[in-house]
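Asker: have a look at this fold, sequence not included:
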């Protein structure tokens, strides 16, 4: 003060470095992707940048990658169950990694991209190759044995999207933007590695759901309705004949445009199609190859007409995930039973085309907060409860009981809390 000068004062604060310490995190609410093992026993999920393996019913949970310094994405199981594949940026750029499903120490980095951001990985049905897309508008084929990745499809005006491989591995279908700013459907021959534009006469936008059925027909849903291609009868110019259902499938005379979002082959003679706003259609194949359509909507007790996914259980019942709630359709009685949060669902908002059935009979549905595994026998009305039931916590007023045979309450006890669990056999 005497010298009338200001000086900087350096302050040192002792701390315990609490933010640099290792800690356990609950990542149950941060799951955003899953891949079911072929035997239905385990599920791969991504949570907080790590790849986890979870049991379908009971068993240990494994953090497969344990990479706090890297971010993993898109864990997928091979169809034969022998390998896992995922994406990781632990060397600075995202690369494809593959490992034997029983020995993660043998994980191999399969690519060496300098850029491109690989994504949308999909195994070939024979488990010998992986297909994925990049930001360079390319679809790559990665040979697992040689670890050689080569581009097989290159988009000029737009990126290939919705790449889907048929169950027998002979065909793939995808959409791609054209020079006139509209999208078109393309078919890719896996044997010759050539592709052809399926629709020359008209354009299609917003393709989101597809399926190649046992009759070698490609069903493709879009914002322009439903397209069905006959892959067994190519034309001389290399294109394929198709039928276009633009309007409501059961009432085309209404001129109400349809938006098909998901497709399920329930049997060789029966298809189910989910609509983004029009409910669900049941398509029955006729002797001449045509189809008749039956519509189910909120008028028939469907929880929402905005359908997100379709799955069939072991009893041939159809499960329908929607924008709001899960539904059970019994084709024998045409009765729909909806399920909501009050029925035990953790979340009632489902993702697009995230539905499948495991070999153990459980159904898996992707949701806004992770995914749900549903046992159809437990959710059926009137189903017999299995396993042992026990209370895990009882609180009457301010008194907590760990075990009791008889609970006596006083009028001053204004609340009763019961927590319980079912012990699986």
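Answerer: All right, it came through fine. Keep in mind the model is a prediction, meaning the values are calculated, not measured. Residues are numbered from 1 along each chain as shown.
Asker: could you use CA atoms for every contact and neighbour count after this?
Answerer: OK.
Asker: look at residue 272 and give its secondary structure.
Answerer: Secondary structure, DSSP: H, G, I helix; E, B strand; the rest coil: residue 272 is strand.
Asker: tell me what it is bridged to.
Answerer: Beta-bridge pairing for residue 272 (DSSP bridges): residue 264, residue 282.
Asker: so residue 297 is in contact with residue 305, correct?
Answerer: Yes. If you go by CA atoms under 8 Å, residue 297 and residue 305 touch, sitting 5.7 Å apart.
Asker: anything in contact with each of those two?
Answerer: 278, 279, 280 (CA atoms under 8 Å, 6 or more residues apart in numbering).
Asker: the residue nearest to the second one when sequence neighbours are not counted: what's it in contact with?
Answerer: On the basis of CA to CA, 6 or more residues apart in numbering, the spatially nearest residue to residue 279 that is not a chain neighbour turns out to be residue 305, at 4.0 Å. The neighbourhood of residue 305, defined by CA under 8 Å, 6+ apart, consists of 275, 276, 277, 278, 279, 280, 297, 298, 322.
Asker: out of those, grab the one that's most surrounded.
Answerer: Tallying neighbours with other CA atoms under 10 Å puts residue 280 at the head of the contacts of residue 305, with 28 neighbours.
Asker: and that residue, that's in a strand?
Answerer: Yes. Assessed with three-state DSSP, residue 280 lies in a strand.
Asker: pass me the low-pLDDT residue ranges in this structure, would you?
Answerer: 16, 18-21, 23, 27-29, 180-181, 199-206, 369, 378-391, 402-404, 421-425 (pLDDT under 70).
Asker: any idea how far residue 102 is from the closest residue to residue 81 other than its chain neighbours?
Answerer: Nearest non-adjacent residue to residue 81, counting by CA to CA, 6+ apart: residue 38, 5.7 Å away. When distance is defined by CA to CA, to the nearest Å, residue 38 is 14 Å away from residue 102.
Asker: with neighbour numbers in mind, choose between those two.
Answerer: Neighbours per residue, other CA under 10 Å: of residue 38 and residue 102, the larger number sits with residue 38, 17 against 11.
Asker: how about the more buried one, what does it touch?
Answerer: Going by CA under 8 Å, 6+ apart, residue 38 touches 77, 78, 79, 80, 81, 358, 359.
Asker: and the next helix or strand past the helix or strand hosting residue 228?
Answerer: In this assignment (DSSP states H and E), residue 228 forms part of strand 225-230. Per DSSP H and E, the first helix or strand lying C-terminal to strand 225-230 is strand 242-245.
Asker: still on that earlier bit, make a ChimeraX selection of the buried ones in the contacts of residue 38.
Answerer: Only the buried entries of these go into this ChimeraX selection, using 16 or more other CA atoms under 10 Å:
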select :77,78,79,81,358
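Asker: narrow the contacts of residue 38 to those in strands?
Answerer: Mapping the contacts of residue 38 onto strands (DSSP state E) picks out residue 77.
Asker: out of the contacts of residue 38, which are inside helices?
Answerer: Mapping those onto helices (DSSP state H) picks out no residues; all lie outside.
Asker: quick one: the contacts of residue 38 as JSON lines, columns for distance to residue 7 too.
Answerer: Output for the contacts of residue 38, formatted as JSON lines (distance: CA to CA, whole Å):
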{"residue": "77", "distance to residue 7": "64"}
{"residue": "78", "distance to residue 7": "66"}
{"residue": "79", "distance to residue 7": "70"}
{"residue": "80", "distance to residue 7": "71"}
{"residue": "81", "distance to residue 7": "69"}
{"residue": "358", "distance to residue 7": "71"}
{"residue": "359", "distance to residue 7": "74"}
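Asker: now the helices for the stretch 301-425 of the chain?
Answerer: 376-379 (DSSP state H, counting those that start in this stretch).
Asker: what are the ranges of the strands in it?
Answerer: According to DSSP state E, counting those that start in this stretch, the stretch 301-425 of the chain carries its strands in the segments 307-312, 318-322, 326-330, 335-339, 350-357, 363-367, 370-374, 388-396, 399-401, 416-423.
Asker: so for residue 214, which of those sits nearest?
Answerer: Closest to residue 214 of the strands of the stretch 301-425 of the chain is strand 307-312 (CA to CA; 16.3 Å).
Asker: parallel or antiparallel, which strands does the closest one pair with?
Answerer: For strand 307-312, the paired strands and their directions (DSSP bridges) are strand 318-322 (antiparallel).
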